[in-house]
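*Asks:* Quick one, what's the 3D model for this:
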Amino acid sequence: MIEELLYDSVLDTPAKTIIYNEDKTKSFYLEDLDLNNGRIEIRKEIIHHDAVEAIEEISHYEVVAEYPNGGKDLEKVIDQYGQEGKDAYDEEIEYQVYIPYSENEIRLIQIKEELILYKQSLLDTDYKAIKYAEGWYTEEDYAPIKEERENWRIKVRELQQEQSLLMDLIN
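*Replies:* Numbering: from 1, shown residues only. Down below sits the predicted model:
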């Protein structure tokens, strides 16, 4: 009964993913990291296991009880435990590393988000440009929209230029 309770409690506890810093001097749980300020990379490491020499078990028997008819109860006493021999081998393990973003990478993320907003604003007002082109808006009605769209296009070009410079710095 107790074994079942222990088994159930182990199953009910969700496993936490452990992630290391770059030099593996610290470890974190995934849920404790802010993935807006860094990324997770998978790394591989080779661990070498030396060969293990086989060791034969050494034991003897001791008398535990003696009986009047000459019978004896014996108990095996192990003096040296045996060990199976194994060949040397290499094992590849994977682990996860949290790498904080640099200031340039954070700025790149911000630029991408801003570009999405400006481009979406242009898409959302395309129908007004079409209406103007088809004569549904007067020059006076469309002027503020036209100015706003031009400002968005200027901002998109500036952001794309900044993005390109940052990408060159990072790479």
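*Asks:* what about the residue positioned nearest the centre of the chain, which helix or strand?
*Replies:* Centroid check for the chain by C-alpha atoms, centre = their mean gives residue 40 as the closest residue, at 4.1 Å. Taking DSSP states H and E as the criterion, residue 40 maps to strand 38-49.
*Asks:* could you give the mean pLDDT of that strand?
*Replies:* Taken as a whole, strand 38-49 carries a mean pLDDT of 93.
*Asks:* Check stretch 84-99 too.
*Replies:* Rounded mean pLDDT across stretch 84-99 is 93.
*Asks:* Convert it to CSV, retaining C-alpha atoms only.
*Replies:* C-alpha atoms of stretch 84-99 as CSV (Å, rounded to 0.1, in the frame of the first residue of the first chain):
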residue,chain,number,x,y,z
GLU,A,84,31.5,-7.4,-14.4
GLY,A,85,34.1,-6.1,-16.8
LYS,A,86,33.1,-3.5,-19.4
ASP,A,87,34.9,-2.0,-22.4
ALA,A,88,35.6,1.7,-22.6
TYR,A,89,33.0,3.7,-24.4
ASP,A,90,31.9,7.3,-25.3
GLU,A,91,28.4,8.5,-24.5
GLU,A,92,26.9,11.6,-26.2
ILE,A,93,24.5,13.6,-24.0
GLU,A,94,22.4,16.5,-24.9
TYR,A,95,21.7,19.4,-22.6
GLN,A,96,20.0,22.8,-22.8
VAL,A,97,21.7,26.1,-22.3
TYR,A,98,20.1,29.5,-21.7
ILE,A,99,21.9,32.3,-23.6
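*Asks:* ok, back up a step: could you say what helices and strands the strand holding residue 40 packs with?
*Replies:* If you count contacts as 3 or more C-beta pairs under 8 Å, 6 or more residues apart in numbering; DSSP states H and E, strand 38-49 packs onto strand 89-100. Every residue, glycine included, has its C-beta placed from N, CA and C.
*Asks:* okay, the angle between the strand holding residue 40 and strand 89-100?
*Replies:* With axes from the mean of the first three to the mean of the last three C-alpha atoms, to 10 degrees applied, the angle from strand 38-49 to strand 89-100 works out at 160 degrees.
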